[in-house]
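Visitor: The following block contains a protein sequence and its predicted model.
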Amino acid sequence: MIDHEVRAGQLWPVLVALAKDRQITTYGKAAVAIGIHHRPLRYALGPIQDYCLGAGLPPLTSLVVSKSSGVQGAGYLGSPGDRGVIEEVWKFDWSSIENPFSDMHIAELDRTAKEILEDPDKADSYAVILSRGNGQRVFRRGVYGAYNGECCVCGLTFSDALEAAHIMPWVMGRGSLRIDPRNGLLMCANHHRLFDSNWFTISDDYLVEYSDPGEESGPYSSADRSTSIEHHGRKIRLPGNEKLWPDKSLLAARRADSQ
Ligand SMILES: [Zn+2]
């Protein structure tokens, strides 16, 4: 997850130079420019896209298009082929913004996330982070650190497959709730999807409550079962620091929402 930001930091100046020259590029060429294969390029584009969205900037990643189709590919959140958006990116004065993925910025975010983990009630740090568009990045770091890099449901530790899930979704959470690690759960991609589609919720006692323990919506493969039913009634892995445990009122609101 952090490697992606390092790559984003290498890609940022490449994209800014393209914008200045009113150019676009292909996934293949952008990958070559930072010395990686084109497949993992999306992992470098992702953080840049998130950053531009969060900070209200034109989508810098719109400058990278597929060689075959000539438009932005899967993973791009805007409308592919919209020339007006590219025009906006070209017009924007990118020299007014420092590379948000420079070593210095990454170190600063690491430090902020650590401060929040030590004192999650430190409300003033939240406001500063949000005003700079770094909410999502700090939230991810905080939740990852709180849960020690393990899916809270199954214990998976592949960092590339782990995601910081919001209990109260980002769009509904206001202000500090978007960053507060107590509004977060570290989950593998599978459990995050199942949680977000309300296949399971988490009780006040931090037990997994799977919605179909009797296999009524089956048939279940053994992989389905081991990912879902087998966790029913089990306690999730909680942060070592009790101050960072999920907020019970948020869990209850989420359960009410899933009915
Ligand atoms: Zn999992």
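Guide: Arrived safely, thanks for sending.

Visitor: got the contact list for the helix or strand hosting residue 250?
Guide: Per DSSP states H and E: residue 250 is located in helix 248-257. Residues outside helix 248-257 that contact it (C-beta atoms under 8 Å, 6 or more residues apart in numbering) are 167, 168, 177, 182, 183, 201, 202, 203, 204, 209. Every residue, glycine included, has its C-beta placed from N, CA and C.

Visitor: for that helix, which positions count as buried?
Guide: 250, 251, 254, 255 (16 or more other C-beta atoms under 10 Å).

Visitor: In TSV, list the residues you listed along with distance to residue 101 and pLDDT.
Guide: Shown next, in TSV, are these (distance: C-beta to C-beta, whole Å; pLDDT from 0 to 100):
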residue	distance to residue 101	pLDDT
250	30	95
251	33	96
254	32	94
255	37	94
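
Visitor: got any ranges where the stretch 151-259 of the chain has weak pLDDT?
Guide: Applying pLDDT under 70 to the stretch 151-259 of the chain flags the ranges 170-174.

Visitor: What parts of it come near the ion?
Guide: 151, 153, 154, 156, 188, 191 (C-beta under 5 Å from the ion).

Visitor: tally of neighbours for the fourth one?
Guide: When neighbours are defined as other C-beta atoms under 10 Å, residue 156 has 18 of them.

Visitor: secondary structure class for it?
Guide: coil (DSSP: H, G, I helix; E, B strand; the rest coil).

Visitor: Isn't it up against residue 147?
Guide: No - applying C-beta atoms under 8 Å, one finds residue 156 not in contact with residue 147, separated by 11.1 Å.

Visitor: could you dump the helix with the most length in the chain to PDB, C-alpha only?
Guide: In the chain, assigned by DSSP state H, the helix with the most residues is helix 2-20. Coordinates of each C-alpha in helix 2-20 appear next as PDB, following Å, rounded to 0.1, in the frame of the first residue of the first chain:
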ATOM      1  CA  ILE A   2       2.900   2.400   0.800                       C
ATOM      2  CA  ASP A   3       4.800   1.200  -2.300                       C
ATOM      3  CA  HIS A   4       1.900   2.500  -4.400                       C
ATOM      4  CA  GLU A   5       2.400   6.000  -3.000                       C
ATOM      5  CA  VAL A   6       6.200   5.800  -3.700                       C
ATOM      6  CA  ARG A   7       5.300   5.000  -7.300                       C
ATOM      7  CA  ALA A   8       2.700   7.700  -7.400                       C
ATOM      8  CA  GLY A   9       5.400  10.100  -6.300                       C
ATOM      9  CA  GLN A  10       7.500   9.100  -9.300                       C
ATOM     10  CA  LEU A  11       4.500   9.400 -11.700                       C
ATOM     11  CA  TRP A  12       3.300  12.800 -10.400                       C
ATOM     12  CA  PRO A  13       6.100  14.900 -12.000                       C
ATOM     13  CA  VAL A  14       5.700  12.900 -15.300                       C
ATOM     14  CA  LEU A  15       2.000  13.800 -15.400                       C
ATOM     15  CA  VAL A  16       2.600  17.400 -14.400                       C
ATOM     16  CA  ALA A  17       5.200  17.800 -17.200                       C
ATOM     17  CA  LEU A  18       2.600  16.300 -19.700                       C
ATOM     18  CA  ALA A  19       0.000  18.800 -18.500                       C
ATOM     19  CA  LYS A  20       2.300  21.700 -18.900                       C
END
